[in-house]
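Novice: I would like to see how this sequence folds:
(one chain, ligands or ions: 1)
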Amino acid sequence: MMLPPRPTTLAHEFASQALREGDLAVDATCGNGHDTLHLALLVGPKGKVVAIDVQADALEQTRARLESTGLESPEIQLIHACHSRMGEFVAPSSAALVMFNLGYLPGGDHTHTTRADTTAAALDQAVEALRPGGLLMVTCYPGHPEGAIEAETVKNWMKTAASHHTARIAKYSQPFTRTPAPILWLAAKPCDMAP
Ligand SMILES: C[S@@+](CC[C@H](N)C(=O)[O-])C[C@H]1O[C@@H](n2cnc3c(N)ncnc32)[C@H](O)[C@@H]1O
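Specialist: As a prediction, this is how the structure comes out:
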């Protein structure tokens, strides 16, 4: 039976379509490194991945995951910082893709969850970092209290981006679930936007 795909699975599929070898990709919440590894495989040895997390342990997990593959790695920059500082590490109009997988690490310390105010600031930075035609992807988890507040903030951010024509927006989620299901937002920076 074909079940509706999870937002995180879809995000990987969209990344596969958006990225080419040699591209720069940003993982704004690298956590255990699953997403960073996927991006690294897509951009290949000539590409670059910037992976950000506020938890030093998460960066260690990501480093270990990348090393364990034994693949020829692209240049990977692991950054221990809040993603709202993205502009310090990624040049304007340089990234083909920026992805956020919000919330906290499953099985990890829930106090290290992403928060509405810094997420909104980071989304502004992400649009700056994207090259024209680049893709922003945000997975939100409204099923926990902080995540519900954050999901509302992300929705409002997307609405503003659409109305100001700074991005073209799409949304995927499963309706009619017992607890609010994760939401995947896509925001494509228009190609005709001056870099
Ligand atoms: C759902 S997990 C990410 C999962 C990860 N992408 C993976 O593939 O395993 C969310 C991550 O966001 C991180 N985080 C929380 N607040 C952050 C912030 N302000 N800036 C950057 N990372 C943050 C957490 O430490 C956690 O590792």
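
Novice: helix/strand/coil for the residue of the chain found nearest the ligand?
Specialist: The minimum distance from the chain to the ligand, using C-beta to the nearest ligand atom, falls at residue 31 (2.7 Å). For the C-beta atoms, the positions are set from N, CA and C on the backbone; glycine is no exception. Of the three states, residue 31 takes coil according to DSSP: H, G, I helix; E, B strand; the rest coil.

Novice: contacts only, for it.
Specialist: 53, 58, 61, 62, 101, 105, 108 (C-beta atoms under 8 Å, 6 or more residues apart in numbering).

Novice: list, out of the residues you listed, those positioned next to the ligand.
Specialist: Near the ligand, judged by C-beta under 6 Å from any ligand atom, the entries from the contacts of residue 31 are 53, 58, 101, 105.

Novice: residues contacting the third one?
Specialist: Going back to what we said before, that points to residue 101. So, once contact is read as C-beta under 8 Å, 6+ apart, residue 101 ends up touching 8, 11, 27, 29, 31, 35, 139.

Novice: make TSV from those residues and add secondary structure and pLDDT to it.
Specialist: Formatted as TSV, those follow (DSSP: H, G, I helix; E, B strand; the rest coil; pLDDT from 0 to 100):
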residue	secondary structure	pLDDT
8	helix	95
11	helix	98
27	strand	98
29	coil	98
31	coil	96
35	helix	98
139	strand	98
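
Novice: may I see the ChimeraX selection of the buried members of the contacts of residue 31?
Specialist: In ChimeraX, this line selects whichever of the contacts of residue 31 come out buried by 16 or more other C-beta atoms under 10 Å:
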select :53,58,61,62,101,105
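
Novice: so which of the contacts of residue 31 sits lowest on pLDDT?
Specialist: Among the contacts of residue 31, residue 108 carries the weakest pLDDT, at 75.

Novice: go ahead and list the helix or strand containing that one.
Specialist: Under the criterion DSSP states H and E, no helix or strand holds residue 108.

Novice: and it, how far is that from residue 86?
Specialist: Distance, residue 108 to residue 86, by C-beta to C-beta, to the nearest Å: 22 Å.
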